[in-house]
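>>> fold the stuff below for me.
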Amino acid sequence: MLTIHTSIVIPAFNEAASIGPLVTALRGASTWHEILVIDDASTDATAVEAAAAGARVIRHPYNKGNGAAVKTGIRHATGAFILIMDGDGQHRPSDAARLVSHLDAYDLVIGARARHSHANLARRVGNDALNRVAGYLAERPIPDLTSGFRAAKKECLLEFLHLLPNGFSTPTTTTLAFMKAGYSVRFEPVEAAERRGSSKINLGPDGVRFVLILLKVMTIFSPLRIFLPISAAAFLLGAGYAVWTIVTQSHVTNSSVLLILVSLVIFLVGLVSEQISSLRFEGRRS
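Residues are numbered from 1 along each chain as shown. Down below sits the predicted model:
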């Protein structure tokens with residue numbers, strides 16, 4: 001049973017109302033190596049409730065962010081496998097063992113939330129848009145990019161620890177990093193309950209950050225997926241404008257030449273970036 005080798009990492013900030021019942025339910029759901037609650041400098045009784053329920057609590061001296069709490073948990077975990085879940089009560093403890101059970105065949109298992117659950121209409125639309133963009137960049141359908149409910153082999157997580165941001169984009173980064181590094185990733189359907197308390201994510205600013213994280217991760221692992229379409233668009237625009245001016249004015253304008261040259265420069269930059277990206281993995285474990 002893989003759960004006895006699994007460390008559960010729960011980042012928590014002001015989750016006193018839900019953290020105790022969550023830890024208790026997890027302990028009743030299976031036998032775990034350990035349950036770590038990373039208290040990100042909560043101003044309520046999160047740490048007290050977690051410890052009373054039987055978790056090992058690690059407290060940040062000041063608020064660092066959800067991603068920083070996850071990284072702290074990964075560094076302190078002693079199990080061979082790590083299960084990461086939110087402390088707000090959205091994730092069902094009964095699903096935890098099911099995610100971990102797939103780690104014998106997969107390197108990362110993500111709890112893909114049903115579309116109708118966990119979010120209002122605006123957030124579902126935003127998540128769907130992110131999923132589509134990420135799917136294009138990763139060249140594979142991604143049903144739930146931002147789910148914080150995931151299980152992975154610790155050695156694989158440690159490989160990408162330096163890439164993880166301190167904010168709310170850790171799920172995005174790990175999903176794309178595992179995929180582009182060639183690791184086996186599974187999306188396991190789960191139902192998400194209504195969270196307790198208010199969400200810490202602001203749809204506007206955090207949505208922009210998620211898109212920037214997507215671009216950042218993909219320029220690290222697969223730059224041509226970004227540079228090539230931009231280069232092609234600039235080339236087609238320049239070439240099309242050149243044909244139009246030749247037909248209507250019998251000459252090629254400087255704007256057309258500039259657009260074509262820009263497209264070539266963008267393509268060459270993408271090509272060099274792709275080679276640099278490949279070099280990152282020459283020393284990786286087989």
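>>> how many other residues sit next to residue 28?
Look at residue 28: counted by other Cβ atoms under 10 Å, it has 9 neighbours. For every residue, glycine as well, the C-beta is placed using N, CA and C.
>>> which residue is the nearest non-sequential neighbour of it?
residue 93 (7.5 Å; Cβ to Cβ, 6 or more residues apart in numbering).
>>> next one: residue 184
Using Cβ to Cβ, 6+ apart, the nearest residue to residue 184 is residue 106, at 4.5 Å.
>>> A strand includes residue 11, no?
Yes. Membership of residue 11 in a strand is supported by DSSP: H, G, I helix; E, B strand; the rest coil.
>>> give me the element the residue found closest to it once you drop the neighbours it is linked to in the chain is part of.
Leaving aside its chain neighbours, residue 11 sits nearest to residue 69 (3.4 Å; criterion: Cβ to Cβ, 6+ apart). Assigned by DSSP states H and E, residue 69 falls within helix 66-76.
>>> that helix packs against which elements?
With contacts taken as 3 or more Cβ pairs under 8 Å, 6 or more residues apart in numbering; DSSP states H and E, helix 66-76 sits against strand 6-12, strand 34-39, strand 56-59, strand 81-84, helix 154-159, helix 170-180.
>>> and the helices in this protein, which stretches?
Using DSSP state H, the helices of the chain run over residues 16-29, 46-52, 66-76, 93-100, 121-138, 154-159, 170-180, 203-221, 224-249, 254-279.
>>> so which of the ones you listed gets nearest residue 148?
Of all the helices of the chain, helix 170-180 sits nearest to residue 148, with 5.3 Å by Cβ to Cβ.
>>> so the closest one versus helix 254-279, what angle?
In terms of direction (axes from the mean of the first three to the mean of the last three Cα atoms, to 10 degrees), helix 170-180 departs from helix 254-279 by 80 degrees.
>>> for the record, mean pLDDT for helix 170-180?
When pLDDT is averaged along helix 170-180, the result is 86.
>>> who touches it?
With Cβ atoms under 8 Å, 6 or more residues apart in numbering as the contact definition, helix 170-180 has outside contacts at 66-67, 70-71, 107-108, 110, 130, 134, 137-138, 140, 142, 145-148, 150, 152, 156-157, 160, 163-165, 185, 210, 213-214, 217-218, 220-222.
>>> can you tell me, leaving aside adjacent residues, what's nearest to residue 237?
Counting by Cβ to Cβ, 6+ apart, the residue nearest residue 237 is residue 259, at 5.5 Å.
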